[in-house]
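*Asks:* everything below, folded, please.
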Amino acid sequence: AEGAQLRSIAVSPNFRSDRLVYVSLARPTPNTNPTWEIRTYRALASNLAQADPASANTILIKPALTQAATKTQRTNWIGFGPDNFLYATQDSRETGALNPSGRYGRVIRIDVNRDDFPGDALRNYGIPSTNPYATSTTCAPEAWVDGFYTPGRASIDRRTGNLWIGDVGIQNEPERFILVRQGDGGANFGPLADDTCNTNISSEVARLTHGGSLDTNEALGGFVYRGPLESIQGQYFFADITSFLATSAVYSLPADRAVPSQLLPLSDITTRTEFTAAGRLVAFGEDISGNLYVLNAAGEIYVVVGA
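*Replies:* Numbers count the residues shown, from 1 in each chain. Take a look at the predicted model:
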């Protein structure tokens, strides 16, 4: 789309048969605030690395309440869980974050294989019956967990199905790294949640503070390593990025020791100096074999081959 900001891409769990790719983007609209959209595109049968532009199909359109809320490029991540439902992160800097019927400042969970809203062109998806507010008329039925500042880069652990989120703090608030297990639907991870809907209070497992022992500027969520290297097996990699510095600080923590609402001790967090050569990072990634990749601001991609 012309002028659109690409936020995230997710491949269909059934890609071998349906060839569908899901795209999250912010699209400018004339004389009004931008919209956040999730679309599908179908890969060409003759070239699975190329999608057919004419195959675009809209899953969700959410008008933004402010221009500022869509300027961040860290949010609107999308990914499929082991339940084949699509998960997506949304920014809390919308005033709608405190609106129980809104869909901002949280992670939503939707079924892209059916349409529960045939009369609504902005919502072409279904509500999983196991969502905590699936039948609610006052709380967003799409909502899975709530209470984030700017939930940005996230990932789903391919072995456990757990969701890991890097939550970018607002102003002087800490940068948080949050673990959401498969059974944690309905959890409230902070003060920006709507307490009338979310009463199951939880909190982060790791925190980077501004000016603290682990100083930070902006949280960048990563992945739990599940590749061939035994030395870093099960480590959750994440980063602290600063726009005016040439490099990023990368850390890891043992994923199997993390428990929601319990901060891991600093002794469990390892500084990964081997990533310095990669420069200023903008994203982590993984492949089908669990290998870990990093993308830097220059558009270069590095793969972890040893530690």
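*Asks:* quick one: Ile59 and Ala121 touch, right?
*Replies:* No - with the criterion set as CB atoms under 8 Å, Ile59 and Ala121 do not qualify as a contacting pair; they are 11.3 Å apart. Backbone N, C-alpha and C define where each C-beta goes, glycine included.
*Asks:* measure Val168 to Thr276 for me?
*Replies:* Taking CB to CB, to the nearest Å as the criterion, Val168 is separated from Thr276 by 22 Å.
*Asks:* Arg16 too?
*Replies:* Relative to Thr276, Arg16 is positioned 39 Å away (CB to CB).
*Asks:* quick one on the thing from earlier: higher neighbour count, Val168 and Thr276?
*Replies:* Val168 (25 against 12; other CB atoms under 10 Å).
*Asks:* where along the stretch 51-200 of the chain do the strands fall?
*Replies:* Taking DSSP state E, counting those that start in this stretch as the criterion, the stretch 51-200 of the chain carries its strands at 78-80, 86-89, 106-110, 143-146, 150-156, 163-168, 175-180, 187-188, 200-201.
*Asks:* nearest to Gly227, of those?
*Replies:* Judged by CB to CB, the one of the strands of the stretch 51-200 of the chain that comes nearest to Gly227 is strand 150-156, at 13.4 Å.
*Asks:* which elements pack onto that closest one?
*Replies:* The elements that strand 150-156 packs onto, with contact taken as 3 or more CB pairs under 8 Å, 6 or more residues apart in numbering; DSSP states H and E, are strand 78-80, strand 86-89, strand 106-110, strand 163-168, strand 219-220, strand 281-286.
*Asks:* now, of those, which is deepest in the fold?
*Replies:* Using mean count of other CB atoms under 10 Å, the stretch among those with the greatest mean number of neighbours is strand 219-220 (a mean of 28).
*Asks:* residues near Ile269, how many?
*Replies:* Counted with other CB under 10 Å, the neighbours of Ile269 add up to 19.
*Asks:* end-to-end on stretch 38-54?
*Replies:* Stretch 38-54 has an end-to-end distance of 16 Å (criterion: CA to CA, to the nearest Å).
*Asks:* touching it from outside, list them.
*Replies:* 12, 15, 18-25, 55-60, 78, 86, 88, 112 (CB atoms under 8 Å, 6 or more residues apart in numbering).
*Asks:* cool, stretch 272-288 as well?
*Replies:* With CB under 8 Å, 6+ apart, stretch 272-288 has contacts from 153, 155, 158, 220-223, 226-227, 237-239, 241-243, 245-248, 250-252, 292-298, 300-302, 307.
*Asks:* now do that stretch: distance to the chain's middle.
*Replies:* Computed by CA atoms, centre = their mean, to the nearest Å, the separation of stretch 272-288 from the middle of its chain amounts to 17 Å.
*Asks:* first-to-last residue distance for it?
*Replies:* Distance between the boundary residues of stretch 272-288 (CA to CA) amounts to 23 Å.
*Asks:* what is the mean pLDDT for it?
*Replies:* Over the span of stretch 272-288, the pLDDT mean works out to 90.
*Asks:* please apply the same query to stretch 238-247.
*Replies:* Average pLDDT, stretch 238-247: 77.
*Asks:* buried sites along it?
*Replies:* The neighbour-count criterion (16 or more other CB atoms under 10 Å) identifies Phe238, Ala239, Asp240, Ile241, Thr247 as the buried residues of stretch 238-247.
*Asks:* what's the farthest-apart pair in these?
*Replies:* Longest distance between any two of those is 15.1 Å, between Phe238 and Thr247; criterion CB to CB.
*Asks:* ok, Gly185 touching Val145?
*Replies:* Yes - under the contact definition of CB under 8 Å, Gly185 touches Val145, with a separation of 6.6 Å.
*Asks:* any residues in contact with both of the two?
*Replies:* With contacts taken as CB under 8 Å, 6+ apart, not a single residue reaches both Gly185 and Val145.
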